[in-house]
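1. sequence and predicted model, in that order:
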Amino acid sequence: MTRFTDKTAFVTGAASGIGRATAQKLASEGATVVGADIDEAGLAEAAAEIGTNFHPLAVNITSRDECHKAISETVASHGGLDILANVAGVARSEHVADVTEDQWRLMFGVNVDGMFWLSQAAIPHLIESSGNIVNIASNAGLMGQAYCVNYCATKGAVVNLTKAMAMEFMKTPMRINAVAPGGTDTSLVQNYALPDDIDFKLLMRYTSDRGMSDPSDLANVICFVASDDARSMHGAIISADNGITSG
Ligand SMILES: NC(=O)c1ccc[n+]([C@@H]2O[C@H](COP(=O)([O-])OP(=O)(O)OC[C@H]3O[C@@H](n4cnc5c(N)ncnc54)[C@H](O)[C@@H]3O)[C@@H](O)[C@H]2O)c1
């Protein structure tokens, strides 16, 4: 027996980075994993890498209907749901004055709306299975960061969405927690372009002397939180940021 034998997990962002590493670890410990993402090519690569325990599902999580349909299909195909890992996210750096309405809404759509609609659809099934939700926040949800107002606002929302849901479902057997990574070596960071005319001194405060994490480091933390080893955790925001928010 391994930690996730006979468990079904739904992981968003499974095509890349932290989501793919999380899907890989859950599957390697016995879970049946439905890996959701908008990137179908990345999902195909993940499926080839992870094997038969991984079921790719193309979903645009900004759509409430697609989120609800994805959870219904998962429950119908696999007989229930034990873990929802809301990992998908987008990030962008800009001066406040340059944030457009489309960009603002897209970032909330992926980072917050998707997490909420999937949770809304999954909660009845997770209560039934005594399962749990792990939301991915960020150190950017726990501190203000320059040139990052849109992303910080979404990740602050993830933190308080997690706590609000933890309160509402306090008397159920389901757990809801969030993991808040710091810099992690994924395509999100590799494609993170800073705008012109910025004060680099301000950015030093959000850079760890301990360097970046590997996606597998975050998968280890997410899987711990999702496992029965963390059964006393509910409504927690667990930092895994190499000390960025420690002082
Ligand atoms: N990498 C970091 O330094 C870092 C730090 C803190 C928090 N995070 C958070 O970790 C999470 C995972 O990010 P990552 O670093 O692995 O990035 P990543 O870019 O490697 O993966 C993000 C995934 O989300 C998917 N996605 C984007 N829009 C989507 C949509 N509309 N519907 C479905 N899927 C969609 C992408 O296709 C991609 O596969 C994000 O929530 C991110 O904000 C990352």
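-> Right, received. Where do you want to start?
2. for the protein, what spans make up the strands?
-> Listed from the start of the chain, the chain has strands (DSSP state E) covering 8-12, 32-37, 54-58, 83-86, 132-136, 175-181, 237-240.
3. can you list the residues of the chain near the ligand?
-> 12-13, 15-19, 37-39, 42, 59-62, 87-91, 110, 136, 138, 181-184, 186-189 (Cβ under 6 Å from any ligand atom). Every C-beta, even on glycine, is put in place using the N, C-alpha and C of the backbone.
4. what subset of those is buried?
-> For these, a neighbour count by 16 or more other Cβ atoms under 10 Å gives the buried set as 12-13, 15-19, 37-39, 42, 59-62, 87-91, 110, 136, 138, 181-184, 186, 188.
5. so who does the residue nearest to Ala15 when sequence neighbours are not counted touch?
-> When the adjacent residues along the chain are set aside, Ala15 lies closest to Gly42, with 2.8 Å between them (Cβ to Cβ, 6 or more residues apart in numbering). When the contact criterion is Cβ atoms under 8 Å, 6 or more residues apart in numbering, the partners of Gly42 are Ala15, Ser16, Arg20.
6. next one: the spatially most central residue of the chain from Met170, what distance?
-> For the chain, Val87 is the residue whose C-alpha lies nearest the centre (Cα atoms, centre = their mean; 1.9 Å). Between Val87 and Met170 the distance, using Cβ to Cβ, to the nearest Å, works out to 25 Å.
7. same thing with Gln145?
-> 31 Å.
8. quick check: Ser208 vs the ligand, distance?
-> In this view, Ser208 and the ligand are 11 Å apart by Cβ to the nearest ligand atom, to the nearest Å.
9. the closest residue to that residue other than its chain neighbours: neighbouring residues, count only.
-> By the measure of Cβ to Cβ, 6+ apart, the closest residue to Ser208 outside its immediate chain neighbours is Asn242, 3.8 Å from it. Using other Cβ atoms under 10 Å as the criterion, Asn242 is surrounded by 20 other residues.
10. so Tyr192 sits against Ser93, correct?
-> Yes: in this structure Tyr192 lies within contact range of Ser93 using Cβ atoms under 8 Å: 6.1 Å.
11. quick one, what contacts the residue of the chain positioned farthest from its centre?
-> The outermost residue of the chain, judged by C-alpha distance from the chain's mean C-alpha position using Cα atoms, centre = their mean, is Asp197 at 31.2 Å. Counting by Cβ under 8 Å, 6+ apart, Asp197 makes contact with His95.
12. one step back: between Tyr192 and Ser93, which one's more packed in?
-> Ser93 (18 against 14).
13. and that one, its phi and psi?
-> When quoted as degrees, to the nearest 10, the phi and psi of Ser93 stand at phi -110, psi 130.
14. what's the neighbour count on Gly131?
-> Using other Cβ under 10 Å as the criterion, the residues surrounding Gly131 number 22.
15. look at it and report its pLDDT.
-> For Gly131, the model assigns a pLDDT of 98.
16. and if you look at Phe54?
-> Reported pLDDT at Phe54 in the predicted model: 98.
17. repeat that for the one 5 residues further on.
-> Here the pLDDT value assigned to Val59 is 98.
18. the longest helix in this structure is where?
-> When every helix of the chain is counted residue by residue (DSSP state H), the longest turns out to be helix 149-168.
19. buried residues, that helix. List them.
-> Counting neighbours by 16+ other Cβ under 10 Å, one finds that the buried residues in helix 149-168 are 149-159, 161-163, 165-166.
20. then it to CSV, C-alphas only?
-> Once side chains and other backbone atoms are set aside, the C-alpha atoms of helix 149-168 remain, and they are given as CSV (Å, rounded to 0.1, in the frame of the first residue of the first chain):
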residue,chain,number,x,y,z
VAL,A,149,-0.2,44.0,-8.7
ASN,A,150,-2.5,41.7,-10.8
TYR,A,151,-0.8,38.5,-9.7
CYS,A,152,-0.5,39.6,-6.1
ALA,A,153,-4.2,40.4,-6.0
THR,A,154,-5.1,36.9,-7.4
LYS,A,155,-2.9,35.1,-5.0
GLY,A,156,-4.1,37.1,-2.0
ALA,A,157,-7.6,36.0,-3.1
VAL,A,158,-6.4,32.4,-3.2
VAL,A,159,-5.3,32.7,0.4
ASN,A,160,-8.5,34.1,1.7
LEU,A,161,-10.7,31.9,-0.5
THR,A,162,-9.0,28.9,1.1
LYS,A,163,-9.6,30.2,4.6
ALA,A,164,-13.2,31.1,3.9
MET,A,165,-14.0,27.7,2.5
ALA,A,166,-12.1,26.0,5.4
MET,A,167,-14.4,27.9,7.8
GLU,A,168,-17.6,27.1,5.9
